[in-house]
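J.: coordinates for the following, if possible.
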Amino acid sequence: MSSPALPKPATPQIQPGDAGVIATVGFAHGVSHFFHLLLPPLFPWLMEEFGLGFAAVGATMTVFFVVSGVGQAFAGFAVDRYGPLRVLLVGIACFLCAALGLALAHASWMLFVAAGLAGLGNSVFHPADFTLLNRRVGQARLGHAFSIHGIAGNLGWAAAPIFLVGIAGVAGWRSAAAATSLVALAAMLLLWRARRALDCPPPAPAPAAADRDAAPGAFAFLRVGTVWLCFAFFFLITCAFGAIQNFAAPILQNLYGLPLALAATALSTYLLASAGGILVGGFVAQRQAHDRVIAVMLALAASLALLLASGGLPGWAVLPLMAGIGFFSGIAGPSRDLLVRRAATGRFGQGAFGRIYGFVYSGLDTGLAVAPLIFGGLMDQGRHGAVLVGIALFQATAIFTALRVGSAQHD
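T.: Model (predicted):
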């Protein structure tokens, strides 16, 4: 049964079905994650072409996440004003320009421009996607919608290296970059074809009684502690994820003496298990105790990270432990998204979905940008176990923020 604050659209001719909306938005989210990795798989070619070192070429990703994080906080306002579909199309157009700009790059500064354009495109997806899902999908299916959304993102991550490296190895890095423009073009065409189902005009002004209950002003949500707790939660869990994504392979090589191929397989195992956890989490999230689900799952993931940090386990135990960390973290994903939804609707209703999701999810980009700075020093010092302990501490701290958000909403 739908919440009073989120009436299901009464115009079925523009909503052919939840499944179509979920699939289309999921594909768009997968494309956004695909463009997260527009540059990294091509680093070996770019370093040789432009004479760059690891630090210089890696700085392109700092540009990406800084632009994405700042842009995401502001993109939510554009979503609330102009509607999510228009903003999504602009974001994908930025991806198209980034791909073509990279393919035509003839100086190193042009790599940073391409990274900035890709980051700008990426900034629109969380506020636009979640506004679409919340306004176009029935509440009974939101848990599954958020689950598919998360899985699609993981698939986008998985597809990008295969796509780019495969083409670059045969036809060169410029051809690979140019080919990604076709991915962006396909996403634009799909969204345009589904525009009737996805169109979300700005909501009508609230009745006078509702206006009296809502905090006034476009920035009123920034005065609500729950919104800041949600931002902190996303920052913490993404710092933990960023550490795993960036450093899992060398950590496992040094702690357990795994060959590089097996250490990389462990990271892939983590990502695949995370996708499986997200799928399961869609069913789990249909229950209302989202904060408790998050707490239990992250506690289990943190416990496994600490066990892995001991360094005293047999090598065969590494893959199951990495799978467990990914699986339990993944289960928490859909509950996490529903927790933010409750925080948004509790005070501001659907008219503020974009700005709240945009601000809160900018914590993801902040965490991804900060994680290498926090954990890179430990890696340089050879304190590999300490990185895993840090991952567990970030996850444990995230538990308290999730429980605090949940208790604030129950008050």
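J.: now do the phi/psi pair for the closest residue in space to Gly385 that isn't next to it in sequence.
T.: On the basis of C-beta to C-beta, 6 or more residues apart in numbering, the spatially nearest residue to Gly385 that is not a chain neighbour turns out to be Ala309, at 4.5 Å. Yep, even glycine has a C-beta here, placed from its N, CA and C like the rest. Note on Ala309: backbone dihedrals following degrees, to the nearest 10 are phi -70, psi -20.
J.: pull the contacting residues for Ala309.
T.: Each residue near Ala309 by C-beta atoms under 8 Å, 6 or more residues apart in numbering is listed here: 255, 385-386, 388-389, 392.
J.: looking at the residues you listed, which has the most residues close by?
T.: Leu388 (29 neighbours; other C-beta atoms under 10 Å).
J.: tell me the contacts of that residue?
T.: Taking C-beta under 8 Å, 6+ apart as the contact definition, Leu388 lies against 251, 255, 305-306, 308-309.
J.: how about the helix or strand that contains Leu319: buried residues?
T.: Secondary structure assignment for Leu319, by DSSP states H and E: helix 318-347. Of the residues in helix 318-347, those buried under the neighbour-count criterion (16 or more other C-beta atoms under 10 Å) are 318-319, 321-345, 347.
J.: so which of the contacts of Ala309 sit within helices?
T.: Cross-referencing these against helices under DSSP state H gives 255, 385-386, 388-389, 392.
J.: hmm, back to that, turn the contacts of Leu388 into JSON lines, including pLDDT and distance to Ala178.
T.: Output for those, formatted as JSON lines (pLDDT from 0 to 100; distance: C-beta to C-beta, whole Å):
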{"residue": "Ile251", "pLDDT": "85", "distance to Ala178": "36"}
{"residue": "Leu255", "pLDDT": "88", "distance to Ala178": "41"}
{"residue": "Ala305", "pLDDT": "92", "distance to Ala178": "40"}
{"residue": "Leu306", "pLDDT": "92", "distance to Ala178": "45"}
{"residue": "Leu308", "pLDDT": "91", "distance to Ala178": "41"}
{"residue": "Ala309", "pLDDT": "90", "distance to Ala178": "43"}
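J.: helix or strand: which one has the residue nearest in space to the middle of the chain?
T.: Centroid check for the chain by C-alpha atoms, centre = their mean gives Leu364 as the closest residue, at 6.5 Å. With secondary structure defined by DSSP H and E, Leu364 is part of helix 353-380.
J.: pLDDT of that helix, averaged?
T.: Along helix 353-380, the predicted local confidence has a mean pLDDT of 81.
J.: now the angle between helix 318-347 and it, please.
T.: The directions of helix 353-380 and helix 318-347 differ by 150 degrees, with axes from the mean of the first three to the mean of the last three C-alpha atoms, to 10 degrees as the criterion.
J.: in helix 353-380, what's buried?
T.: Applying a neighbour-count criterion of 16+ other C-beta under 10 Å, one finds 353-372, 375, 378-379 buried in helix 353-380.
J.: same deal with stretch 176-184?
T.: So, applying 16+ other C-beta under 10 Å, buried residues of stretch 176-184: 176-181, 183-184.
J.: so which elements touch the helix holding Leu319?
T.: If contacts are counted by 3 or more C-beta pairs under 8 Å, 6 or more residues apart in numbering; DSSP states H and E, helix 318-347 sits against helix 125-136, helix 142-171, helix 225-256, helix 260-284, helix 290-309, helix 353-380, helix 384-410.
J.: surely Gly276 meets Phe327?
T.: Yes. Between Gly276 and Phe327 a contact is recorded at 6.0 Å, counting by C-beta atoms under 8 Å.
J.: so where's the protein shaky on pLDDT?
T.: Confidence mapping of the chain against pLDDT under 70 gives the ranges 1-16, 54, 200-218, 287-289, 343-352, 408-411.
J.: go with 50
T.: Along the chain, segments meeting pLDDT under 50 span 1-16, 206-216.
J.: show me the domain layout of it.
T.: 17-198, 210-410 (automatic domain parsing).
J.: ends of the first one, how far apart?
T.: Taking C-alpha to C-alpha, to the nearest Å as the measure, domain 17-198 stretches 11 Å from start to finish.
J.: then stretch 135-150?
T.: The first residue of stretch 135-150 is 18 Å away from its last residue (C-alpha to C-alpha).
J.: how about it: buried residues?
T.: The neighbour-count criterion (16+ other C-beta under 10 Å) identifies 135-139, 141-150 as the buried residues of stretch 135-150.
J.: off-centre distance for it?
T.: 16 Å (C-alpha atoms, centre = their mean, to the nearest Å).
J.: and stretch 243-253, by the same measure?
T.: Put simply, stretch 243-253 sits 19 Å off its chain's centre (C-alpha atoms, centre = their mean).
J.: same question, stretch 131-147
T.: With C-alpha atoms, centre = their mean as the basis, the distance from the averaged C-alpha position of stretch 131-147 to the chain average is 17 Å.
J.: what's the answer for stretch 142-161, then?
T.: Here the centre of mass of C-alpha atoms in stretch 142-161, compared against the chain's by C-alpha atoms, centre = their mean, lies 9 Å away.
J.: same question for stretch 325-344.
T.: Shown here is stretch 325-344, whose average C-alpha point lies 11 Å from the average C-alpha point of the whole chain (C-alpha atoms, centre = their mean).
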